[in-house]
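Colleague: Sequence and predicted model, in that order:
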Amino acid sequence: MQGKVVVITGASRGIGAASAREFAQAGAKLALIARSGAEVEALAAEIGPQAMALRCDVADWAQMQAAMLAVQARFGRLDVLINNAGVIEPIAGLAEADPAEFGRAIDINLKGVFHGMRAALPIMQAQGAGTIITVSSGAAVNPMEGWGAYCSAKAGALMLTRVAHLEQAARGLRVLGLSPGTVATDMQVKIKASGVNPVSQLDFSVHIPPDWPAKCLLWMCGPAADPWLGKDVSLRDDAVRLAVGLMA
C-alpha cells in the first residue's frame, strides 16, 4: 500500500478508525471521512501528514462528490475506497419504526454506499485501476427482528457490490465486500441496550476487536482476495482468518 491513496468513510471510530491506523502503518495516504469533524481531525493529526480529514455526510451526494474531488486534488489519484459508514438505528419492528428514522438509515447505509461508488468510479475508471470495498454484514442475507432498515440497506449494498463488479471488472476495477461478523464497537453497545433479537443477548467478550476487520480490509486490497470479487468476504470463515494472519 506504499503511496496508495485510501478513502475511508465512517473513519472517526470503530472499524473505520482501526482501518485508518492499519492502512497508515502499511504506507498508504489517507482521506478520513466522517460526520464528526473534531474526532476525524484528531485521528488525522495522530496519523500525520499522510492523512487528511474531511467532514462529510455520506448521505449527501453533493458533500460526497466534493470530498472525492478534494482527495483527488490533494493526492492526485484514488486507489481504494472503503465504504464503512453505517448506523444500526432504528431498532424497531416494522409496525413501530419511525418512517423518518428508517429513511435516514437507508440514506446512510445504502445511498451512502452508492454515493461513494458514484464519486469514486469515474476517477478509478480514468486510472484504469482501483478497489472499492463495502463493509457489509450477515444482516445482508439474514433477516433479524427489529433490524428492518439495517437488513434492507445491507442487502441493497451487497447488490450494489454485485452490480458494480459486473459493470467494472472489465475496466480493471475490483469491487467486493466484507462481512466482519459482530465487532466490539459502539454499534454493539446500542444493540446490547436494545434487548432486541439474539445478537443483543451476546456477551461483549464474544465480539471480535475492530483491528481484525481492519487487517482483513488491508488483505482484501491484494490479489489473494480476487476470488471474492463481486461478493462478500466472511470474517467468520476460519480459512479467511488464516489467510489474513488472524489464526496460526
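Modeller: Great, that's in hand. Remember, it's a predicted structure, so these values are computed and weren't measured experimentally.
Colleague: packing partners for whichever strand or helix holds residue 156?
Modeller: With elements taken from DSSP states H and E, the one containing residue 156 is helix 148-168. Secondary-structure packing of helix 148-168 (3 or more Cβ pairs under 8 Å, 6 or more residues apart in numbering; DSSP states H and E): helix 99-106, helix 112-127, strand 130-135, strand 173-179. To be clear about C-beta, it is placed using only N, CA and C from the backbone, and glycine gets the same treatment.
Colleague: Nearest to residue 36, out of those?
Modeller: Closest to residue 36 of the helices and strands packed on helix 148-168, according to Cβ to Cβ: helix 112-127, at 15.0 Å.
Colleague: May I see the helices and strands packed on helix 148-168 arranged in JSON lines, with distance to residue 156, mean neighbour count and mean pLDDT as well?
Modeller: Listed next are the helices and strands packed on helix 148-168 as JSON lines, based on distance: least, Cβ to Cβ, whole Å; neighbours: other Cβ atoms under 10 Å; pLDDT from 0 to 100:
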{"stretch": "helix 99-106", "distance to residue 156": "8", "mean neighbour count": "15", "mean pLDDT": "98"}
{"stretch": "helix 112-127", "distance to residue 156": "8", "mean neighbour count": "21", "mean pLDDT": "98"}
{"stretch": "strand 130-135", "distance to residue 156": "11", "mean neighbour count": "26", "mean pLDDT": "98"}
{"stretch": "strand 173-179", "distance to residue 156": "12", "mean neighbour count": "25", "mean pLDDT": "98"}
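Colleague: correct me, but residue 169 touches residue 163?
Modeller: No. Using Cβ atoms under 8 Å as the test, residue 169 is too far from residue 163 to be in contact (11.1 Å).
Colleague: tell me which residues of the helix holding residue 156 are tucked away?
Modeller: Within helix 148-168, the residues that count as buried by 16 or more other Cβ atoms under 10 Å are 148-158, 160-162, 164-165, 168.
Colleague: What pLDDT does the model give residue 170?
Modeller: Note on residue 170: pLDDT of 97.
Colleague: So the residue of the chain most remote from its centre, which state does it fall into?
Modeller: What lies farthest from the middle of the chain is residue 95; by Cα atoms, centre = their mean that is 29.0 Å. What DSSP: H, G, I helix; E, B strand; the rest coil gives for residue 95 is coil.
Colleague: Distance of residue 169 relative to residue 104?
Modeller: Here the criterion is Cβ to Cβ, to the nearest Å. By it, residue 169 lies 32 Å from residue 104.
Colleague: what bits of the protein have low per-residue confidence?
Modeller: 248 (pLDDT under 70).
Colleague: Next, the angle helix 99-106 makes with the helix holding residue 156.
Modeller: 30 degrees (axes from the mean of the first three to the mean of the last three Cα atoms, to 10 degrees).
Colleague: CA-only coordinates of stretch 75-91 in PDB, if you can.
Modeller: C-alpha atoms of stretch 75-91 as PDB (Å, rounded to 0.1, in the frame of the first residue of the first chain):
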ATOM      1  CA  PHE A  75      -3.200  13.400  -3.700                       C
ATOM      2  CA  GLY A  76      -3.800  13.200  -7.500                       C
ATOM      3  CA  ARG A  77      -5.500   9.800  -7.500                       C
ATOM      4  CA  LEU A  78      -7.700   7.400  -5.600                       C
ATOM      5  CA  ASP A  79      -6.700   3.800  -5.200                       C
ATOM      6  CA  VAL A  80      -9.100   2.400  -2.600                       C
ATOM      7  CA  LEU A  81     -12.500   3.400  -1.300                       C
ATOM      8  CA  ILE A  82     -13.800   1.700   1.900                       C
ATOM      9  CA  ASN A  83     -17.500   2.300   2.300                       C
ATOM     10  CA  ASN A  84     -17.600   1.800   6.100                       C
ATOM     11  CA  ALA A  85     -20.100   4.400   7.400                       C
ATOM     12  CA  GLY A  86     -23.200   2.900   8.800                       C
ATOM     13  CA  VAL A  87     -25.900   3.100  11.600                       C
ATOM     14  CA  ILE A  88     -28.000   0.500  13.300                       C
ATOM     15  CA  GLU A  89     -30.900   2.700  14.300                       C
ATOM     16  CA  PRO A  90     -33.800   2.500  14.200                       C
ATOM     17  CA  ILE A  91     -34.000  -0.800  16.200                       C
END
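Colleague: Kind regards, and thank you for your time.
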